[in-house]
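> Task: produce atomic coordinates for the following.
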Amino acid sequence: MAKSSYEKALDKQMKEAKKQADAAARRERAKSIIDGQPIKNGFRFMDGNAEQLLQIILDKYDGAETNRVWGDMDNLPQYLQMSFNLELEKLLMYGVLSSAHNFISGFEVYLSPQGKSYFSDKAMAVASNQNFVTEISHRKQYDVFISHANKDKLEYVDALYQSLSKLGINIFYDSKVLSWGDNWKNVILDGTAKSEFAIIVISKQFFGREWTEKELSEFLSRQNESGQKIILPLIHSITLDELKGQYPDLADLHALRSEDITVEEIAILLAKELIKRYR
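Numbers count the residues shown, from 1 in each chain. Next up is the predicted model:
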């Protein structure tokens with residue numbers, strides 16, 4: 001049955017309301033990321049994903065006076081495609097773009113003067129503050145390492161990864177980091193050392209597995225040595241008593257339950273932890 005004019009108008013109104021709500025949520029996420037970035041000598045440093053997208057845009061810039069740059073979405077790395085609307089929002093908020101539009105197959109942006117000079121301005125800000133050079137060198141390559149059982153990937157962990165990616169968070173996730181021919185054991189151990197936090201997705205499938213236990217052991221050792229929070233326990237389809245019985249060392253850590261919180265809410269909580277850590 002064809003919809004009445006009233007039903008069509010209502011559908012249109014609901015779609016517009018959802019669009020506005022999504023845009024508001026995206027602006028809030030962008031602001032939380034930007035607010036966590038350091039400012040040195042009056043210069044605000046952008047987060048890694050924003051810098052990478054700006055560099056791609058600058059590489060395409062032909063020097064035209066209009067400052068217009070057009071690009072093909074398919075030529076962007078997959079992780080930037082997934083969070084593209086968020087990355088554009090951030091670039092606008094950082095002030096390196098004066099306007100931006102994205103389409104199904106491409107995007108059109110206009111660079112601001114700050115955008116064209118961002119990387120040279122950044123180099124000057126770093127060169128004028130040696131302490132900040134040291135600070136940058138000690139920042140981990142990955143914001144978070146997702147430790148999990150392979151059997152939980154499709155059912156839960158992939159969705160968690162995608163939610164974190166949308167916030168521009170740098171993630172060590174084995175299926176995205178490992179390349180053909182890699183020594184996977186060395187890559188994973190390297191990832192544990194180069195990650196600021198570790199979300200440990202603990203389920204019955206996690207129990208007793210050689211490499212999940214190894215990852216947990218590495219993060220426990222780091223946390224005990226540094227005295228700094230690293231492990232963020234997330235229990236999945238098990239009880240707190242089961243967690244404490246299997247891993248007494250985690251008994252005193254506040255754990256989240258996957259059935260009590262959405263992956264989107266987890267991403268926001270992690271973003272807040274990163275803001276506190278990097279501020």
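> Ignoring the adjacent residues along the chain, who's closest to residue 55?
Spatial nearest neighbour of residue 55, chain neighbours left out: residue 119 (7.4 Å); criterion: CB to CB, 6 or more residues apart in numbering. Heads up, the C-betas are built off the backbone N, CA and C, glycines and all.
> no, scratch that, I was asking about residue 109
Closest residue in space to residue 109, ignoring its immediate chain neighbours: residue 100 at 4.4 Å, by CB to CB, 6+ apart.
> and the helix or strand containing that neighbour, which strands flank it?
Using DSSP states H and E, residue 100 maps to strand 97-102. When pairing is defined by DSSP bridges, strand 97-102 lines up against strand 106-111 (antiparallel).
> Skip ahead from the partner strand and say which helix or strand is next.
helix 113-127.
> Centre of the chain to the one helix or strand residue 241 maps to, how far?
Using DSSP H and E, residue 241 sits in helix 240-246. Centroid displacement of helix 240-246 relative to its chain, using CA atoms, centre = their mean, to the nearest Å, is 29 Å.
> Whatever helix or strand comes next after it pairs with which strands?
Scanning forward in sequence from helix 240-246 by DSSP H and E, the next helix or strand is strand 256-257. In the sheet, strand 256-257 lines up against strand 231-235 (parallel) (DSSP bridges).
> what comes into contact with the partner strand?
Identification of contacts with strand 231-235 by CB atoms under 8 Å, 6 or more residues apart in numbering yields 144, 197-203, 216, 219-220, 223, 242-243, 250, 253-258, 266, 270, 273.
> Please repeat the previous calculation with a cut-off of 6 Å.
197-202, 219, 223, 243, 250, 253, 255-257 (CB atoms under 6 Å, 6 or more residues apart in numbering).
> Buried among the residues you listed? Need that as a selection in PyMOL.
Buried members of the contacts of strand 231-235, defined by 16 or more other CB atoms under 10 Å, are picked up in PyMOL with:
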select buried, resi 197+198+199+200+201+202+219+223+243+250+255+256
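> from the contacts of strand 231-235, which two are the most distant?
Farthest-apart pair in the contacts of strand 231-235 is 223 and 257; separation 21.1 Å (CB to CB).
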